[in-house]
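Undergrad: this is the structure alone, sequence omitted:
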């Protein structure tokens, strides 16, 4: 009997919190630009100890605002 074990990692979209670098990758922008958007309050982020994390849904919210702004213009 052959037993298959799935060793793949879950897709990034399943993760609840992303590092700033991961958020930048999802947005296809630089890490520096992502930090600037966080500082400006455009992208929500959280501090966990010394770490900065971006909720995965904050990326979706930011993109939706960009789309809404484009349609309103």
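TA: Arrived safely. As the structure is a prediction and not an experimental result, all values here were calculated from the model.
Undergrad: list the contacts of the helix or strand harbouring residue 57.
TA: Under the criterion of DSSP states H and E, residue 57 resides in helix 56-72. Residues outside helix 56-72 that contact it (CB atoms under 8 Å, 6 or more residues apart in numbering): 13, 15-18, 23, 26-27, 37, 42-45. Any C-beta I mention is one placed from the backbone N, CA and C, and that applies to glycine too.
Undergrad: distance between that helix and the chain's centre?
TA: Here helix 56-72 is found 12 Å from its chain centre; the criterion is CA atoms, centre = their mean, to the nearest Å.
Undergrad: what residues of that helix count as buried?
TA: 56, 58-59, 62 (16 or more other CB atoms under 10 Å).
Undergrad: one more: stretch 41-48?
TA: Neighbour counts over stretch 41-48 (16+ other CB under 10 Å) mark 43, 45 as buried.
Undergrad: how far does that stretch stretch from start to finish?
TA: 18 Å (CA to CA, to the nearest Å).
Undergrad: for the most centrally placed residue in the chain, grab phi and psi.
TA: Most central in the chain under CA atoms, centre = their mean is residue 23, positioned 3.3 Å from the mean C-alpha point. Dihedral pair for residue 23: phi -60, psi -40, per degrees, to the nearest 10.
Undergrad: quick check: bridge partners of the nearest residue in space to it that is not next to it in sequence?
TA: Nearest residue to residue 23, sequence neighbours excluded (CB to CB, 6 or more residues apart in numbering): residue 54, at 4.1 Å. Taking DSSP bridges as the rule, residue 54 bridges to residue 18.
Undergrad: tally of neighbours for residue 54?
TA: 25 (other CB atoms under 10 Å).
Undergrad: what's the answer for residue 18, then?
TA: Residue 18: 21 surrounding residues under other CB under 10 Å.
Undergrad: doesn't residue 46 make contact with it?
TA: No: the criterion here is CB atoms under 8 Å, and residue 18 misses it with residue 46 at 10.5 Å.
Undergrad: spit out the residues that contact the two alike.
TA: Common neighbours of residue 18 and residue 46 (CB under 8 Å, 6+ apart) are 53-55.
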